[in-house]
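Student: take a look and give me a structure for this.
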Amino acid sequence: MNESIQLIPLLSIALKFFLLLILNLGIGAIGFVPSFFITAININSVGLILGSILTFIGEILGALIGFHLYRWGFSKVRTGWINHSIFKAIQKSSPLFTFILIISFRILPFVPSGLVTAGASLTPISAWRFMVASSIGKIPAVILEVAVVFGVLQKFPMNYFYVFIAFLIIILILLHMKKKMKIS
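Tutor: Alright, predicted model coming up:
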């Protein structure tokens, strides 16, 4: 009986971790939602160490999923815009150059992840090399992000953070509705 009582908190943490991992993968695959928010939720839900690991795994595997989705999507799009000189140069770049470029852009925490992923999907780099380059480049970026988020969480209660996220979502919805009204 005592062993089953001790097992319940472990199962609860494992379930939280799994559900957050799915959320992280989705955010990572989308690539344009700032991961700052999900990092805060990760740290608040499962602690600093597990939250950091979860953030890193979500960033890398999410980017890999996004890479495949972008590559698939670009293969379905009309190729007229791909004939532009910029895209031709990207497609002709060597795998080593692309590898180094991915690391460089991943290290910079304010370069949109989706842009790097989409750009890489237009190159001949393999998914494996993309994942390795993204992992190397994301290490310092995730460490910096976790440090900043942890510092913010120490300063402000999580309730303020949730209110901020809700406010941000409302603003985005209103902007989207305004844009739709202009189109109609």
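Student: tell me how many other residues crowd Leu115.
Tutor: As a burial measure, Leu115 scores 12 neighbours (other Cβ atoms under 10 Å). Every residue, glycine included, has its C-beta placed from N, CA and C.
Student: my bad, Phe37
Tutor: 16.
Student: now do Gly119
Tutor: So Gly119, with other Cβ under 10 Å, has 17 neighbours.
Student: cool, His84 as well?
Tutor: 10.
Student: how far away is it from Phe97?
Tutor: His84 sits 19 Å away from Phe97, going by Cβ to Cβ, to the nearest Å.
Student: helix, strand, or coil at the residue sitting nearest the centre point of the chain?
Tutor: Among the residues of the chain, the one closest to the centroid is Gly28, at 2.8 Å (Cα atoms, centre = their mean). With DSSP: H, G, I helix; E, B strand; the rest coil as the basis, the three-state label of Gly28 is helix.
Student: before we move on, what about the one 4 residues further on?
Tutor: For Phe32, the reduced secondary structure class is coil; criterion used: three-state DSSP.
Student: Ile125 now?
Tutor: Following three-state DSSP, the label given to Ile125 is coil.
Student: on that earlier part again, so what's the residue nearest to the centre of the chain closest to, chain neighbours aside?
Tutor: Nearest non-adjacent residue to Gly28, counting by Cβ to Cβ, 6 or more residues apart in numbering: Gly62, 1.4 Å away.
Student: who touches that neighbour in this structure?
Tutor: Going by Cβ atoms under 8 Å, 6 or more residues apart in numbering, Gly62 touches 24-31.
Student: hang on, the earlier thing: so the residue nearest to the centre of the chain touches Ile65, yeah?
Tutor: Yes - in this structure, Gly28 is within contact of Ile65 by Cβ atoms under 8 Å, at 7.0 Å.
Student: any of the contacts of Gly62 buried? List them.
Tutor: 24-25, 27-29, 31 (16 or more other Cβ atoms under 10 Å).
Student: can you list those in JSON lines and add pLDDT and distance to Gly73?
Tutor: What follows is these, written out as JSON lines (pLDDT from 0 to 100; distance: Cβ to Cβ, whole Å):
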{"residue": "Asn24", "pLDDT": "86", "distance to Gly73": "21"}
{"residue": "Leu25", "pLDDT": "87", "distance to Gly73": "17"}
{"residue": "Ile27", "pLDDT": "83", "distance to Gly73": "18"}
{"residue": "Gly28", "pLDDT": "80", "distance to Gly73": "16"}
{"residue": "Ala29", "pLDDT": "79", "distance to Gly73": "12"}
{"residue": "Gly31", "pLDDT": "71", "distance to Gly73": "12"}
